[in-house]
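Engineer: Dropping the sequence and predicted coords here.
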Amino acid sequence: MSSKAKRVLPTRPEPPSAEQILADVRGTHPSDPVFVLPAEPPQQHGPAPGCAEPAAEQRERLYRQIRAYVGMNQRLEHSR
């Protein structure tokens, strides 16, 4: 009969504090994928590649992205 010895796993590190998260967010470059990629997949299909997006739809899309970004920053500030 053989038994496998249990491996001892290392302990998990402590999660970052709100200050560490804010410092990390403030220290990132504006072209960082976190700020470039949308937080959620688009709800509607955009124009076909190569076709210009209508100005009103583009404004609405940018507005939603900005609101999501501002909301995330506000939640981080309130968590301090």
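Structural biologist: On my side now, so go ahead.

Engineer: Check which residues of the lengthiest helix in the chain are buried.
Structural biologist: Among all segments of the chain classified by DSSP state H, the helix with the greatest residue count is helix 55-78. Within helix 55-78, the residues that count as buried by 16 or more other Cβ atoms under 10 Å are residue 65. C-betas here are computed from N, CA, C, even on glycine.

Engineer: Now do it, average pLDDT.
Structural biologist: The predicted model gives helix 55-78 an average pLDDT of 88.

Engineer: Alpha carbons of that helix, in PDB - could you do that?
Structural biologist: The C-alpha coordinates for helix 55-78 follow below in PDB (Å, rounded to 0.1, in the frame of the first residue of the first chain):
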ATOM      1  CA  ALA A  55     -20.800  60.400 -34.200                       C
ATOM      2  CA  ALA A  56     -23.700  60.000 -31.800                       C
ATOM      3  CA  GLU A  57     -23.000  56.300 -31.200                       C
ATOM      4  CA  GLN A  58     -19.300  57.000 -30.700                       C
ATOM      5  CA  ARG A  59     -20.100  59.800 -28.200                       C
ATOM      6  CA  GLU A  60     -22.400  57.500 -26.300                       C
ATOM      7  CA  ARG A  61     -19.900  54.700 -26.200                       C
ATOM      8  CA  LEU A  62     -17.100  57.000 -24.900                       C
ATOM      9  CA  TYR A  63     -19.600  58.400 -22.400                       C
ATOM     10  CA  ARG A  64     -20.300  55.000 -21.000                       C
ATOM     11  CA  GLN A  65     -16.600  54.100 -20.800                       C
ATOM     12  CA  ILE A  66     -15.800  57.400 -19.000                       C
ATOM     13  CA  ARG A  67     -18.600  56.800 -16.500                       C
ATOM     14  CA  ALA A  68     -17.300  53.300 -15.800                       C
ATOM     15  CA  TYR A  69     -13.800  54.700 -15.300                       C
ATOM     16  CA  VAL A  70     -15.000  57.500 -13.000                       C
ATOM     17  CA  GLY A  71     -17.200  55.100 -11.000                       C
ATOM     18  CA  MET A  72     -14.200  52.800 -10.500                       C
ATOM     19  CA  ASN A  73     -12.000  55.600  -9.300                       C
ATOM     20  CA  GLN A  74     -14.800  56.800  -6.900                       C
ATOM     21  CA  ARG A  75     -15.200  53.300  -5.400                       C
ATOM     22  CA  LEU A  76     -11.400  53.100  -4.900                       C
ATOM     23  CA  GLU A  77     -11.400  56.600  -3.200                       C
ATOM     24  CA  HIS A  78     -14.300  55.600  -0.900                       C
END
